[in-house]
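Asker: Based on what follows, work out the 3D shape:
(one chain, ligands or ions: 1)
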Amino acid sequence: MKLAGFVPLSLCDYPGRVAAVVFTQGCNFRCPWCHNGHLLPLAADPAQAVSEAHVLSVLAERRKRLGGVVVSGGEPTLQPALPRFLRSLKALGLDVKLDTNGSHPQVLRQLLADRLLDYVAMDVKAPWERYAALTGQSVCDVAAVQASLALIAASGVPHAFRTTRVDPLLSEREYGDIRTQIPLGSTHTWQAFRPAYSHDPALRTVCCPQ
Ligand code: SF4
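Answerer: Presented below is the predicted three-dimensional model:
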């Protein structure tokens, strides 16, 4: 696994649990508000790289004090080693929460079938018709994101869909449109926009009322 960050203890990333957080290197989206710019390139910066062996060793030591591990990014489903890595976490007796942008439903389907996920959080970033523009990917496969959303909603696995409120880019009407994209019965939460570290420099000086 290409890892680029590790937080051994977090109280706010896995609902209701004390968890560690692992950040994977590389993302296929370029959301203008992304505040994890250093995680976006597929090639790891050696200065930021975190060894998988180190992460597993720390987790093994702390597993009795942790309620789970969050695998975030970047976009974890880009990495071919993800199933193997998740099996290593499960072998330690740790529950796994996956954070994803939903671009790889075939990976999600297999992870769910293999019972490697105990919680899934997926971003729903925009109304479908604006997805390509707001993920910075003119060829964004919206059908793939929709398939992931349906898969997660029907999985029976605890899950949540999340949207960052970026007022300079999305209107109230569009927030309403996003709500209609969330399947009935699924949790949807709004996340605060943190302009200071936005991927798009033009957003860094914007101040949004919360
Ligand atoms: S916010 Fe967008 S660009 Fe940043 S890691 Fe998530 S999906 Fe990738």
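Asker: which residues sit in contact with A43?
Answerer: A43 makes contacts with 25-26, as judged by Cβ atoms under 8 Å, 6 or more residues apart in numbering. Any C-beta I mention is one placed from the backbone N, CA and C, and that applies to glycine too.
Asker: Please report the distance of it from G185.
Answerer: Noted for A43: a distance of 40 Å to G185, by Cβ to Cβ, to the nearest Å.
Asker: ditto for C140
Answerer: Distance from C140 to G185, by Cβ to Cβ: 26 Å.
Asker: now S138
Answerer: From S138 across to G185, the span is 33 Å (Cβ to Cβ).
Asker: Let me see the ranges of the strands in this structure.
Answerer: 3-10, 19-24, 68-72, 96-100, 119-123, 159-165, 187-192 (DSSP state E).
Asker: Once you drop chain neighbours, what's closest to the residue most central in space within the chain?
Answerer: In the chain, the C-alpha nearest the mean C-alpha coordinate belongs to D99, at 2.8 Å (Cα atoms, centre = their mean). Nearest residue to D99 in three dimensions, chain neighbours excluded: S72, at 4.0 Å (Cβ to Cβ, 6 or more residues apart in numbering).
Asker: okay, now the nearest residue in space to T205 that is not next to it in sequence: neighbour count?
Answerer: Spatial nearest neighbour of T205, chain neighbours left out: P195 (7.2 Å); criterion: Cβ to Cβ, 6+ apart. By the measure other Cβ atoms under 10 Å, the count of residues near P195 is 18.
Asker: count of neighbours near the nearest residue in space to L112 that is not next to it in sequence?
Answerer: Nearest in space to L112, with sequence neighbours left out and distances taken as Cβ to Cβ, 6+ apart, is S155 at 5.2 Å. By other Cβ under 10 Å, 16 other residues sit near S155.
Asker: D45 too?
Answerer: By other Cβ under 10 Å, 11 other residues sit near D45.
Asker: Near the ligand, which residues of this protein are found?
Answerer: Contacts of the chain with the ligand, taken as Cβ under 6 Å from any ligand atom, map to 27, 29-31, 34, 36, 39-40, 73-75, 101.
Asker: Mind giving me the ChimeraX select for those residues, buried ones only?
Answerer: To isolate the buried members of the residues of the chain next to the ligand in ChimeraX, using 16 or more other Cβ atoms under 10 Å:
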select :27,29,31,34,36,39,40,73,74,75,101
